[in-house]
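In: generate a structure from the sequence data that follows.
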Amino acid sequence: MNIHALRLFYYVAETGSVTKAAARLNISQPAVTSQIKRLEKDLGLPLFHPSGRGISLTLFGMELAKQAGNLFTYEAQIEEYVEDYRQGRKGRLRIAATYLPANFLIPGWAARFKAGHPGIEIEITTTNSQQAFEQLQRHEADVAFYGGGAKEKPEDVDWLELLEDELWFVVAPSHPYAGRTVSLTEMMREPFIMREEGSSTRERLVALCTTYGLKPPQVTLQFSGLGEAIRSVMAGYGANFISSLAVREYVEWKQLSRVYVEGIQLSNKIAVCTRRNETLPAALQQFIELCRQSLNNN
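Out: Just a heads-up that it's a prediction; the model follows:
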């Protein structure tokens, strides 16, 4: 079916006049008449009753005009959706993120973005770094947020570093080391409360000890969750080596205290990762820009 001819017929039926339809579409009356006659021939059915003045639709013509109206209304809705998507007003963002950004940064960013973009659906998956990159590479995520130590970057991923997150030694305010500066040897004699083996921060602590030729500290309490480990230290037992993002507020509220270790300054890199050589949708560009602006304003 010739959609252009169908559109001409629809406008004639809607306006009730070939003249009005031609003026609305900015084409000549003979062109409209010719296209509609060709459409009738292609369909093998008459669209108009012979009439001396004006136009009179056949029953088939009336039903076809109704169906054509539905088609062109839907076409307009599609065009509107495409433009909204192009401008970042509609769509979906699938975010894969490692623990640190997923828990301490993205919730606030997503809430602010959603307030200004109600037509964007946001789906956030918390996972480890390997799975985050795999989801990105398999097109199961539109963007990946990574938080951790120095890591070899996948060749097919663009990497934009957003900030560096310091790693802190923390204890309860009542601990003898609270607020003090001590040596790494002294710090490693303390019992530690940590997440399970394989967690990135625990691996960083072991690597630190290896670098300085020290035996890693004894982990006397082990949790699978970060919150549980923090609360145990707050209760007055042991020490933790942890992201400042996770404990900064507790330190400010004097529920935890930092221990400064001589010569030791370590950090995590928080980065946003996208597929290389791929044009980012407008909504994703706007979300990343909001993340950057939020960090600049802090």
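In: now Tyr10: closest residue in space, sequence neighbours ignored.
Out: Ala68 (4.1 Å; C-beta to C-beta, 6 or more residues apart in numbering). C-beta: built from backbone N, CA, C; applies to glycine.
In: I figured the one you found hits Val12, correct?
Out: No: between Ala68 and Val12 there is no contact under C-beta atoms under 8 Å: 10.7 Å.
In: between those two, who's got more neighbours?
Out: Under the criterion of other C-beta atoms under 10 Å, the comparison of Ala68 against Val12 puts Val12 first, with 27 against 18.
In: OK, contacts around that one?
Out: Applying C-beta atoms under 8 Å, 6 or more residues apart in numbering to Val12 gives the contacts 18, 21, 32, 36, 55.
In: most neighbours among these, please name it.
Out: Ala21 (23 neighbours).
In: hmm, it is touching Tyr11, no?
Out: Yes: between Ala21 and Tyr11 there is a contact at 4.0 Å, judged by C-beta under 8 Å.
In: Gly148 and Ser174: what is the separation?
Out: Distance of Gly148 to Ser174, computed by C-beta to C-beta, to the nearest Å: 31 Å.
In: who's more crowded, those two?
Out: Gly148 (22 against 8).
In: please name the bridge partners of the more buried one.
Out: Lys269 (DSSP bridges).
In: list the contacts for it?
Out: Gly148 touches 98, 100, 129, 200, 268-269, counting by C-beta under 8 Å, 6+ apart.
In: need the contact list for the closest residue to Leu184 other than its chain neighbours.
Out: Ranked by C-beta to C-beta, 6+ apart and with sequence neighbours excluded, the top spatial neighbour of Leu184 is Val261, at 5.3 Å. Val261 sits next to 169, 181-184, 187 when contact means C-beta under 8 Å, 6+ apart.
In: phi, psi for Val261 please.
Out: Main-chain torsions, Val261, degrees, to the nearest 10: phi -100, psi 130.
In: that one and Thr181, how far apart?
Out: Relative to Thr181, and taking C-beta to C-beta, Val261 is found at 7 Å.
In: again with Gly69
Out: Gly69 is 78 Å from Thr181, by C-beta to C-beta.
In: one more: Leu93?
Out: For Leu93, the distance to Thr181 (C-beta to C-beta) stands at 44 Å.
In: looking at those two, which one has more neighbours?
Out: Neighbours per residue (other C-beta under 10 Å) separate Leu93 from Thr181, with Leu93 holding more: 21 against 11.
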